[in-house]
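J.: here is my input; please provide its structure:
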Amino acid sequence: MERLKTLRNFAIVALIALAIALAPGGGKGLNFVLWLLTAAFFISIAFLGFRLYMEYRFTLESLTTEQRAVLYGSIGLAFWDFAAAPRLWPLGGGGIAVWIALLVAASAGVYWVWRKSREYG
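T.: Predicted coordinates for the structure are as follows:
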């Protein structure tokens, strides 16, 4: 029974996508829908970041200045990396490698802060 529900939901989404694609001016409509989805995604990430900050404010303030700088710098680098993706990806393999390297560097910074915050002494 669960499969039929999943198949029905997939068919609904496929029909909506087909209607947008085949409608006059469908390319513009599709671009608008994609823009709305992207905006909703980034707004939800911002809300999640705000909620995490409010929940772990004491923990963040207990970090050393160096750890906070690395953490906030890594988060900023990750945001910058995602913003630069449309310019890096068309460059081919080199651009994608740079994009991945920046994301790995941002992740390594967050991991370093997490490890340092768990050390004793």
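J.: for Ala108, give me its contacts.
T.: Contacts here follow C-beta atoms under 8 Å, 6 or more residues apart in numbering; on that basis Ala108 touches Ser74. C-beta coordinates here come from the backbone N, C-alpha and C atoms, glycine included.
J.: hey, where'd the strands end up in the chain?
T.: Counting by DSSP state E, the chain yields no residue ranges for strands.
J.: and the helices in it, which stretches?
T.: Secondary structure of the chain (DSSP state H): helices located at 2-22, 26-55, 57-61, 65-88, 93-117.
J.: tabulate the ones you listed (a markdown table), appending mean pLDDT.
T.: Listed next are these as a markdown table, based on pLDDT from 0 to 100:
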| stretch | mean pLDDT |
| --- | --- |
| helix 2-22 | 87 |
| helix 26-55 | 89 |
| helix 57-61 | 93 |
| helix 65-88 | 94 |
| helix 93-117 | 96 |
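J.: next, give phi and psi for Tyr56.
T.: phi -110, psi 30 (degrees, to the nearest 10).
J.: okay, domains of this structure per the record?
T.: What the record gives for the chain is the domain set 1-55, 58-121, from automatic domain parsing.
J.: tell me how far Glu68 lies from Gly49.
T.: One thing to correct before we go on: residue 68 is Arg, not Glu. Applying C-beta to C-beta, to the nearest Å, the value for Arg68 to Gly49 is 15 Å.
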